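Q: got a predicted structure here, sequence first:
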Amino acid sequence: MPSRRGTANGPGQRSRTGKNYFPVVSLLVISVVTPLVFLAVRLGNFGSSLGPKDFTGVSINISGDQRKLSALEQIETLFPKEMIDMIKSKVDDSGPLSLNVVGRKDLSSSWVLEKPNDVGRGVSRAFQTLSFNEEKDDTSIQNNRGFEEQGHTMSESQVTMVMKEQLNSGGKAEGIGIEQLDIEESRSGVLSFFNQSEVDRDPEQIARRKGLMERKAKRLAELTQHDPEVEAKLEKEAIERTREIDGGVLGKYSIWRRESDENSDSLVRLMRDQLIMARVFASLAQSQNKVNLLRDLRLRIKESQHSLGEASVDTDLPRSAPEKIKSMGQTISKARAELYDCTAVTKKLRAMLQSAEEQAHVLKKQSTFLSQLAAKTIPKGIHCLSLRLTIEYNTLPENQRDFLNQGKLEEPSFFHYALFSDNVLAASVVVNSTVLNAKEPEKHIFHLVTDRLNYGAMKMWFLANPPGNATIHVENVDDFKWLNSSYCPVLRQLESAAMKEYYFKASHPTTLADGSSNLKYRNPKYLSMLNHLRFYLPQVYPKLDKILFLDDDIVVQKDLTPLWSVNLHGKVNGAVETCGHSFHRFDKYLNFSNPTIYKNFDPNACGWAYGMNIFDLQEWKKQDITGIYHKWQDKNEDRLLWKLGTLPPGLITFYNLTYPLDKSWHVLGLGYNPSVDRGEIEGAAVVHYNGNMKPWLELAMAKYKAYWMKYVKYDHPFLQQCNVN
């Protein structure tokens, strides 16, 4: 039987036929099947382009979609599923661009297509049967699985956009019944549904998508959050900025101003204005014999003055102030109706203004006199301390009145200080602060010079309170016999009749205001040789090479020994310049209208400060600094070059001979300037209370007093007995 079957339809025949027609069949496959496969892929991409269009709200023709889907299904039946999957896997994740996508102009630059070949089949089918209610039947859940299997994930904004567009369209699409849905409640369910297939995606792509969604969510939260603290901070900054714009024009009236401003003074200013007008009308009422009106005005003036008191802001006013303002306003309105005369009111206001200006000028002169007097008067406690120390010194035996280590006084290798003062307490603070901040206090030598009145008190204080391991030496300026009128121009000028007239008579002022004229330059310190002794340092200490000069109104906060290593580059005086301030230039101290001053000095030359100065005594002798000082002091006998004092002749004497030190060595202004930077004070080696507000006076500024007080021995019995606290 096999042989017959083989004879009829022999293998040789079939083999021969197959061998003859194989090229023809291959050609047919290439020419027919390949175009069909390409058409299937293109239709798939075309379907994918419909997905993004749905997200932007563009209407879709449902019948056209059904025709495309049916055509796609017919093509898929022509090829095995394995071949279709292989073709799709070769397509890039972003897919080839379709004509529909390219033609759209409403896509933002951040739009990313996610597997359009999958969305073409998944989205169109899923959204036809998708239900957002979790309690729907199994049929809707099963229909939704078709979308989940495609591996598509949607962001929160995309889901919300789709849901809103479906609501706006009335939910007319097939299979969608979401007219009554709450978008916010269902959004989380939809997102969790779409994100279930994240595990099937590329891990890097998943990370990028998650990062993008997190950034969008964070930005959305920042834009929508309402933080009361942030709003209050922004409002406060706006208020401060508005105040800084132009306070002279805007004043305190600003749209950013809080209604409950604690610093408001509108009511205070209103009450003051009412008082001025009430006084004007009271004067007019008295001149016109309006007795009742005058009585009412005086009563209101008295009430307003009592309510106003010393108030400077509205919060200082009593609760009855608004009632007083209202009553005063009614009385002023009544007076205006009866007495108002523009010419008379203008004259009265002008007279009041002139009287107020004259009174302010007198008070200013009196204030200047009293402040100068208070600044130059020795406080009762310090005077008491000096007396008690003097008594104690005079009771000491002669062999107990000498200091120790006096052999170091002329040793140039040590650190020598010059301090000239008649204030025991101030001198003790300078010495204590220097020693406590010194790294090697045993190498520090203090040369103190005082007057005859305070010599015993100064010695007794340091005998009873020695400055640690440092060496102290106290001298009396009256013991310098070489310092006489034949050698010193200042002493010679003080003997002249003109100088005595200037100092001691001063035209015999009868009032405080008259006596304030040039009071600053009539200060007794300008008569004391302690103030002029700084120009004779080589004569006082002939065997020293360098010496650091200190005023008695300074406090030392750091070790000062590095100053002896500063190279002065041939200069004599090392000092901190003060030309950052306009009043510390030469033209503020010297009379540049005088030809002698004008020809020899620059009016804009930078000034410097006394108080902490390192002097090279060897160079001093070479330059003959004392001789220069004598020359200019003789020329100023008639006080036409500068007023009395030591800084103007010091600027002249050390002109072009001063080396500028770093400003951190010496910070000035604690005796007159309330706005010295706290950081500069803390970082300074020396702080200087130059000015009238010395730290031992009641005039001192409280904010700076602590730097000085911490070096005062308030537990000393004499200080407690003299009530120095």
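A: Here it is on my side, so go on.
Q: what's the distance between residue 544 and residue 685?
A: 21 Å (CB to CB, to the nearest Å). Using the backbone N, CA and C atoms, a C-beta is placed for each residue, glycine as well.
Q: can you tell me the helix or strand for residue 422?
A: Using DSSP states H and E, residue 422 sits in no helix or strand.
Q: okay, now it: neighbour count?
A: Neighbourhood size, residue 422 [other CB atoms under 10 Å]: 22.
Q: restrict the helix or strand hosting residue 292 to CA atoms and write it as CSV.
A: Assigned by DSSP H and E, residue 292 falls within helix 291-308. Extracted in CSV, the C-alpha atoms of helix 291-308 (Å, rounded to 0.1, in the frame of the first residue of the first chain):
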residue,chain,number,x,y,z
VAL,A,291,-15.1,135.9,80.2
ASN,A,292,-17.1,132.7,79.9
LEU,A,293,-15.3,131.5,76.8
LEU,A,294,-11.9,132.3,78.5
ARG,A,295,-12.9,130.3,81.5
ASP,A,296,-13.9,127.3,79.3
LEU,A,297,-10.7,127.5,77.3
ARG,A,298,-8.5,127.6,80.4
LEU,A,299,-10.4,124.7,81.9
ARG,A,300,-9.9,122.6,78.7
ILE,A,301,-6.2,123.6,78.6
LYS,A,302,-5.7,122.4,82.1
GLU,A,303,-7.5,119.1,81.5
SER,A,304,-5.5,118.4,78.3
GLN,A,305,-2.2,119.3,80.0
HIS,A,306,-3.0,116.9,82.8
SER,A,307,-3.9,114.1,80.4
LEU,A,308,-1.0,114.7,78.1
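Q: which strands and helices lie in contact with that helix?
A: Other helices and strands packing on helix 291-308, by 3 or more CB pairs under 8 Å, 6 or more residues apart in numbering; DSSP states H and E, are helix 266-287, helix 321-339.
Q: mind putting these in CSV, mean pLDDT and mean neighbour count included?
A: Shown next, in CSV, are the helices and strands packed on helix 291-308 (pLDDT from 0 to 100; neighbours: other CB atoms under 10 Å):
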stretch, mean pLDDT, mean neighbour count
helix 266-287, 90, 17
helix 321-339, 90, 15
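Q: of the ones you listed, which approaches residue 595 most closely?
A: Residue 595 sits nearest to helix 266-287 of all the helices and strands packed on helix 291-308, at 51.9 Å, using CB to CB.
Q: any idea of the angle that closest one forms with helix 291-308?
A: Taking axes from the mean of the first three to the mean of the last three CA atoms, to 10 degrees, one finds helix 266-287 and helix 291-308 inclined to each other by 150 degrees.
Q: for the protein, what's the longest helix?
A: Counting residues, the longest helix in the chain under DSSP state H turns out to be helix 342-376.
Q: so what touches stretch 479-499?
A: 477, 500, 503, 527, 529, 532-533, 536, 539-540, 630, 633-634, 637-638 (CB atoms under 8 Å, 6 or more residues apart in numbering).
Q: quick one, phi psi at residue 722?
A: phi -90, psi 10 (degrees, to the nearest 10).
Q: gap between it and residue 378?
A: 12 Å.
Q: which of those two has more residues huddled nearby?
A: residue 722 (21 against 14).
Q: contact partners for that one?
A: Applying CB under 8 Å, 6+ apart, the residues near residue 722 are 380-382, 384-385, 388.
Q: PyMOL command for the buried members of those?
A: In PyMOL, this line selects whichever of the contacts of residue 722 come out buried by 16 or more other CB atoms under 10 Å:
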select buried, resi 381+382+384+385+388
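Q: mind checking which of the contacts of residue 722 are in helices?
A: Those of these lying in helices (DSSP H): 380-382, 384-385, 388.
Q: which one of those is nearest residue 681?
A: For these, the nearest to residue 681 is residue 382 (24.5 Å; CB to CB).
Q: tell me which element the residue nearest to that closest one when sequence neighbours are not counted is part of?
A: Sequence neighbours aside, residue 425 is the residue nearest to residue 382 in space, at 5.4 Å (criterion: CB to CB, 6 or more residues apart in numbering). Assigned by DSSP H and E, residue 425 belongs to helix 424-436.
Q: what is that helix packed up against?
A: So helix 424-436, by 3+ CB pairs under 8 Å, 6+ apart, packs with helix 380-394, strand 415-420, strand 444-450, helix 455-464, strand 554-556.
Q: and the gap between residue 475 and residue 542?
A: From residue 475 to residue 542 the distance is 14 Å (CB to CB).
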